[in-house]
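In: got a structure for you, letters missing:
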């Protein structure tokens, strides 16, 4: 069994799991350094780190780490801690298997296309939305998923979680604000909108006056999107946005 292929399958399905690796052994142990096991949400496993009481304890700890969504290393004395006949000890590293980061780009214009082209080379599953089929037909970037979407009717169909990044850059200011309002109270890693200083000021005022968002929610929106590097060309703007996304992803 190729556990690394299984890891990719788990990520693609958006499941949670933990990769357990023996990183240190001392004395007599069932398996040696490098032995691996995947623990899924339901406690089922792929591979083995030796079976018996050790494996049972590791599965229990893996479930805990899954809930914490945090890596850690634990050491087990096989006699003292687990009452096993083996006289050694093992250290096991627990690594959460994270689903891929998803980047929703709303708007397939020059900047949206440039952002999708760069982002797909990094740790993002890129989905590029537009309601203009002719624009999407001109997108020929490998691994970029293009989808026709009615911005006013179909936003509810999109799922989000803590690893979803939303970048808004359509051809219409009202549409941008509509999309922004939809996502402002969703679970997201990032929410940003492109725009001039005036557009941003007007948007913030509308959100407050129409009570669509709290001051705290508005403060978390990245607008204008990206890091200020005085970008002008679509590719430069895309780089500035992606730099911000990477900074958030790596926090």
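Out: Received, thanks. In this text, all values refer to a predicted model and were calculated from it rather than measured experimentally.
In: secondary structure class for residue 128?
Out: For residue 128, the assignment made with DSSP: H, G, I helix; E, B strand; the rest coil gives strand.
In: domain parsing for the protein?
Out: Domains of the chain are assigned by automatic domain parsing as 3-97, 101-249.
In: could you dump those domains to TSV with mean pLDDT?
Out: TSV is the format used below for the domains of the chain (pLDDT from 0 to 100):
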stretch	mean pLDDT
domain 3-97	88
domain 101-249	93
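In: turn the ones you listed into CSV, columns for mean neighbour count.
Out: In short, each C-beta sits where N, CA and C put it, glycine included. Compiled in CSV, those are given as follows (neighbours: other Cβ atoms under 10 Å):
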stretch, mean neighbour count
domain 3-97, 16
domain 101-249, 17
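In: right, and the helix or strand after the helix or strand hosting residue 176?
Out: Assessed by DSSP states H and E, residue 176 sits inside helix 173-183. Sequence-wise, the next helix or strand downstream of helix 173-183 (DSSP H and E) is strand 190-193.
In: other SSEs contacting that next one?
Out: Packing partners of strand 190-193 (3 or more Cβ pairs under 8 Å, 6 or more residues apart in numbering; DSSP states H and E): strand 164-168, helix 173-183, helix 234-249.
In: need the residues that contact it.
Out: Residues outside strand 190-193 that contact it (Cβ atoms under 8 Å, 6 or more residues apart in numbering) are 164-169, 176, 180, 183-184, 200, 203, 220-226, 241, 244-245, 248.
In: for residue 151, give me its contacts.
Out: 106, 129, 131, 170, 175, 178, 179.
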